[in-house]
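[1] I would like to see how this sequence folds:
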Amino acid sequence: MKAKLGIAPIAWWNDDLAELSDDVSLEECLRQASVAGFTGMETGRRFPMDMAELGPILAKYGISVCGGWFSGLLLDGDIEVEKDRIAQQHAFFKAAGAPCIVYGETARSIQGVKSAPLATKPRLSEAEIAAYGRKLSDFADWCAKGGMPLSYHHHMAAAIETEAELDLLMKHSTVPLLFDAGHMAFAGGDNLRVIDNHHARITHVHTKDIRQAVVDGLDRSRESFLDAVVKGAFTVPGDGSLDFEAIVKALAGKGYEGWFVVEAEQDPKVSPPLEMAIKGHKELMRVMGAAGYEVVQ
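    Numbering: from 1, shown residues only. Take a look at the predicted model:
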């Protein structure tokens, strides 16, 4: 089985908290990711959405586009409007040969609101999730037929956060799944059970780790998702509390092949991005070997 290792630029530049951003250029970010051993990077705000401009820069560092976030509004929005909103990224990702667009639902989400406690996340009934799932499925089908599939990112402080919410979305939709170990663990879910239940839908993997002591110490009635990030809730594999050998072996056992992307937003002054990237890559290489993956470019 084959695996590819990528990283997200959020360790260098945080789109929600400007103060958690290293003052580095796109080229320096790509250089550091390459030095650490990664061959893919998800897109971020400093990426030009034009392969004529971006392609030569990526080639210089041996990096390809391995995904990237789209802030979806389908929960409350109209599919035709969302088609227009995603059109530029859809075309760009096709040109870049990306594996998928990462769909993150931001309607009603409090993930970017520093004053909103975690406990105030949006909550949907099963009927609401079923209606949402139908819209998502239609939108995902349209994107895939156009040559660029979506992968749905369950996320802390969003409408689909918990394992139970994800189970309902999978039940009431056909959308492909981005499995994020850190977000599921933060939400109190069982990562191995999620893999067991939904492996057939997993098309992209984020290897986000958590610091369990930080997560356990949060006052969710007062502290926000961004407060948790600032406190260091997230980190790279090998630096946190999750057993990535068990997680990756579970994915291997279900036949998953594709990208494993390190996405770990932290304070770059406390956790230098290059140092963290090297640590995360080293741990991923260890667990890939233990799980029987061949890591390819």
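[2] C-alpha from now on. contacts and neighbour counts both.
    Will do.
[3] using PDB, write out every CA atom in stretch 110-129.
    Extracted C-alpha coordinates of stretch 110-129, given in PDB (Å, rounded to 0.1, in the frame of the first residue of the first chain):
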ATOM      1  CA  ILE A 110     -17.900  29.400  16.100                       C
ATOM      2  CA  GLN A 111     -14.400  28.100  15.200                       C
ATOM      3  CA  GLY A 112     -13.200  31.500  14.300                       C
ATOM      4  CA  VAL A 113     -15.000  33.500  17.100                       C
ATOM      5  CA  LYS A 114     -12.600  34.000  20.000                       C
ATOM      6  CA  SER A 115     -15.400  35.200  22.300                       C
ATOM      7  CA  ALA A 116     -17.700  32.100  21.700                       C
ATOM      8  CA  PRO A 117     -17.300  29.300  24.200                       C
ATOM      9  CA  LEU A 118     -16.900  25.800  22.900                       C
ATOM     10  CA  ALA A 119     -20.200  24.800  24.600                       C
ATOM     11  CA  THR A 120     -22.100  27.200  22.300                       C
ATOM     12  CA  LYS A 121     -21.400  25.300  19.100                       C
ATOM     13  CA  PRO A 122     -24.300  24.800  16.700                       C
ATOM     14  CA  ARG A 123     -26.400  21.700  17.300                       C
ATOM     15  CA  LEU A 124     -28.600  20.100  14.700                       C
ATOM     16  CA  SER A 125     -31.500  17.600  15.000                       C
ATOM     17  CA  GLU A 126     -31.300  14.400  13.000                       C
ATOM     18  CA  ALA A 127     -33.900  15.800  10.600                       C
ATOM     19  CA  GLU A 128     -31.700  18.900  10.100                       C
ATOM     20  CA  ILE A 129     -28.600  16.800   9.500                       C
END
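[4] what's the burial count for Asp141?
    If you count neighbours by other CA atoms under 10 Å, Asp141 ends up with 18.
[5] how near is Gln88 to Ala95?
    Gln88 sits 11 Å away from Ala95, going by CA to CA, to the nearest Å.
[6] just the terminal-to-terminal distance for stretch 10-18.
    Terminal residues of stretch 10-18 lie 11 Å apart, using CA to CA.
[7] can you list contacts of it?
    The contact list for stretch 10-18, computed with CA atoms under 8 Å, 6 or more residues apart in numbering, reads 20-24, 29, 44-45, 112, 226, 263-268, 273.
[8] now that stretch: average pLDDT?
    For stretch 10-18, mean pLDDT is 84.
[9] centre of the chain to that stretch, how far?
    14 Å (CA atoms, centre = their mean, to the nearest Å).
[10] distance of His154 from Gly133?
    For His154, the distance to Gly133 equals 13 Å [CA to CA].
[11] neighbour count: Gln88 and Ala95, which is higher?
    Between Gln88 and Ala95, Ala95 has the larger neighbour count (other CA under 10 Å), namely 15 against 12.
[12] how about the helices in the protein?
    Residue ranges of the helices in the chain, as given by DSSP state H, are 26-36, 51-61, 79-96, 126-145, 163-171, 181-186, 191-198, 212-216, 225-231, 244-253, 273-291.
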